[in-house]
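Student: need coordinates for the below:
(one chain, ligands or ions: 1)
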Amino acid sequence: MSLLTDKKILLGITGSIAAYKVADWVRALRREGCQVTVVMTEAACRFISPLTMAALSGNPVHTTMFAAEAPETIPHISLAREHDLLVVAPASAQTIACLAHGLADNLLTTIALASSGPILVCPAMNSVMFQHPATQANLATIKSYGYQVLEPDCGTLACGEEGPGRLTDWENVRQAILTAFAPKNLANENVLITAGPTREAFDPVRFLSNPSTGKMGYALAATARQRGATVTLISGPTALAAPPGVRRIQVTSAVEMQAEVMNCLDTATIVVKAAAVSDYRPAKKEPHKVKKGQASLSLTLVANPDILKELGKRTKKSPKSPLLIGFAAESRDHLKEGARKLKEKNLDLIVVNDIGGTETGFGADTNRVTLLDRNGAQEEVPLLSKEETAHRIWDAVGRLMTDNR
Ligand code: CTP
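Tutor: Prediction:
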């Protein structure tokens, strides 16, 4: 069960050409288990048909204050009460002005005024309209009411102009919606996460590495942010975008990763080492490409620093030491090896994962892990998405924080 299962989302669509984009958001929300109800302004109905939104949401679409078929109900009050989150997207300059000034001149703005729950606003408009001091002042006003505003992207707009005003991407909206529902047990925490592989070069074009994609570490970073933490992600080379609101530092080798971890250590209250760090590096990096022609070639390797072990030695000397969470990537003797690393590296928690199989380990979107903590607790987490697995890890970290502080 994800954070979004059975959540009731009320989607308010206003008059902007970007209205067609949110049709896809409705499908994505339903795939995640949400119940979606759509409210459209008159102008929105000129850009996209209520029939399309009804078919995609699986629910009747509301467009008017006075429902002819059920005159005894007051739709703006019942709709305002019945949802968990109101998302206004795309939000036009006109609707934002109404929200800022408490104008209730259509069903959507009336619901917003009658709603006491969280409201997420995604502006989309011409860039001159967006940058106009009136719109900026209205956005500042609705933020002061506690509404969350997702800034529009910059780019070429439907009107042909370049600039800010393009409806933000679904991934940013998804993160904001998850943030609205995530427990906030990491508020005030400064979380340092490492993710992805490291690359150890032996000439300018070749390196030793491993198949880590960084998905588990990035899921931990995104979910920690959703739970209210300040997050720094030190990442080896991956194809993934930095999660919204996360500070990312990109590194290549284990030695670079070690230097960045040590730089960020002072302020960290929780450190999670999800990176697949190469244990060895070539003793020498050739300055030029090694040419073929020799019958065989041997490579001398030297050990890389064990970053986590070093942290375990350092941090436990200070009373305000961060919680230390490691991973154990194993193909056999999983629990035995996990318990050994927990002890040897002086960790608070270790996440043991199986690197074999297609459903777990490198590159998979799912994981099946066992959590072992320093107090002897053991939790088997079933096969889940890496995002849900990350939440289970943060739940366990939350329990440890309560025990240890
Ligand atoms: N780790 C690290 N620095 C290294 C190697 C590993 O910080 N040079 C961290 C990993 O990020 C992970 C934990 O140590 O959190 C365990 O890594 P893993 O690869 O499972 O084990 P190793 O310590 O490398 O031991 P082995 O190779 O014997 O399994």
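Student: list the buried residues of the longest helix seen in the chain.
Tutor: The helix that spans the most residues within the chain, counting by DSSP state H, is helix 386-404. Within helix 386-404, the residues that count as buried by 16 or more other Cβ atoms under 10 Å are 386-394, 396-397, 399-401. From N, CA and C alone the C-beta is placed, and that goes for glycine too.
Student: could you point out the helix or strand that follows the lowest-mean-pLDDT helix or strand in the chain?
Tutor: One helix or strand of the chain scores below all others by mean pLDDT, DSSP states H and E: helix 75-82, with a mean of 81. Once the chain leaves helix 75-82, the next helix or strand it forms, by DSSP states H and E, is strand 85-91.
Student: packing partners of the helix or strand that that following strand is followed by?
Tutor: Next helix or strand after strand 85-91 toward the C-terminus (DSSP H and E): helix 93-101. Under the contact definition 3 or more Cβ pairs under 8 Å, 6 or more residues apart in numbering; DSSP states H and E, helix 93-101 sits against strand 85-91, helix 107-114, strand 119-123, helix 133-144.
Student: ok, the longest helix of the chain near the ligand or not?
Tutor: No - with Cβ under 6 Å from any ligand atom as the criterion, the ligand is not reached by helix 386-404; the gap is at least 12.3 Å.
Student: residues making contact with that helix?
Tutor: Contact partners of helix 386-404, identified using Cβ atoms under 8 Å, 6 or more residues apart in numbering, comprise 2-3, 182-183, 185-186, 215-216, 219-220, 222-224, 227, 270, 272, 323, 325, 348-349, 351, 364-367, 369, 371, 373-375, 379, 381, 384.
Student: what's the offset of it from the middle of its chain?
Tutor: 16 Å (Cα atoms, centre = their mean, to the nearest Å).
Student: tell me the SS of Tyr281?
Tutor: One thing to correct before we go on: residue 281 is Arg, not Tyr. strand (DSSP: H, G, I helix; E, B strand; the rest coil).
Student: nearest residue to Thr63 other than its sequence neighbours?
Tutor: Met40 (5.1 Å; Cβ to Cβ, 6 or more residues apart in numbering).
Student: correction: Asn375
Tutor: Using Cβ to Cβ, 6+ apart and skipping residues adjacent in sequence, the residue nearest Asn375 is Asp403, 6.7 Å away.
Student: which of the contacts of helix 386-404 count as buried?
Tutor: Buried among the contacts of helix 386-404 by 16+ other Cβ under 10 Å: 2-3, 182, 185-186, 215-216, 219-220, 222-224, 227, 270, 272, 323, 325, 348-349, 351, 364, 366-367, 369, 371, 373-374, 381, 384.
Student: picking that back up, then the longest helix of the chain to PDB, C-alphas only?
Tutor: Backbone C-alpha positions of helix 386-404 (Å, rounded to 0.1, in the frame of the first residue of the first chain) are rendered in PDB as follows:
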ATOM      1  CA  LYS A 386      12.000   1.000  -3.900                       C
ATOM      2  CA  GLU A 387      10.000   4.000  -2.900                       C
ATOM      3  CA  GLU A 388       7.900   2.000  -0.500                       C
ATOM      4  CA  THR A 389      11.000   0.200   0.800                       C
ATOM      5  CA  ALA A 390      12.600   3.500   1.500                       C
ATOM      6  CA  HIS A 391       9.500   4.500   3.600                       C
ATOM      7  CA  ARG A 392       9.900   1.300   5.600                       C
ATOM      8  CA  ILE A 393      13.500   2.100   6.200                       C
ATOM      9  CA  TRP A 394      12.600   5.600   7.500                       C
ATOM     10  CA  ASP A 395       9.900   4.100   9.700                       C
ATOM     11  CA  ALA A 396      12.700   1.900  11.300                       C
ATOM     12  CA  VAL A 397      15.000   4.900  11.600                       C
ATOM     13  CA  GLY A 398      12.200   6.800  13.300                       C
ATOM     14  CA  ARG A 399      11.900   4.000  15.900                       C
ATOM     15  CA  LEU A 400      15.600   4.000  16.500                       C
ATOM     16  CA  MET A 401      15.600   7.800  17.000                       C
ATOM     17  CA  THR A 402      13.000   7.400  19.600                       C
ATOM     18  CA  ASP A 403      14.900   4.600  21.400                       C
ATOM     19  CA  ASN A 404      18.300   6.300  21.100                       C
END
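Student: so what's Thr73 scoring on pLDDT?
Tutor: pLDDT recorded at Thr73 is 67.
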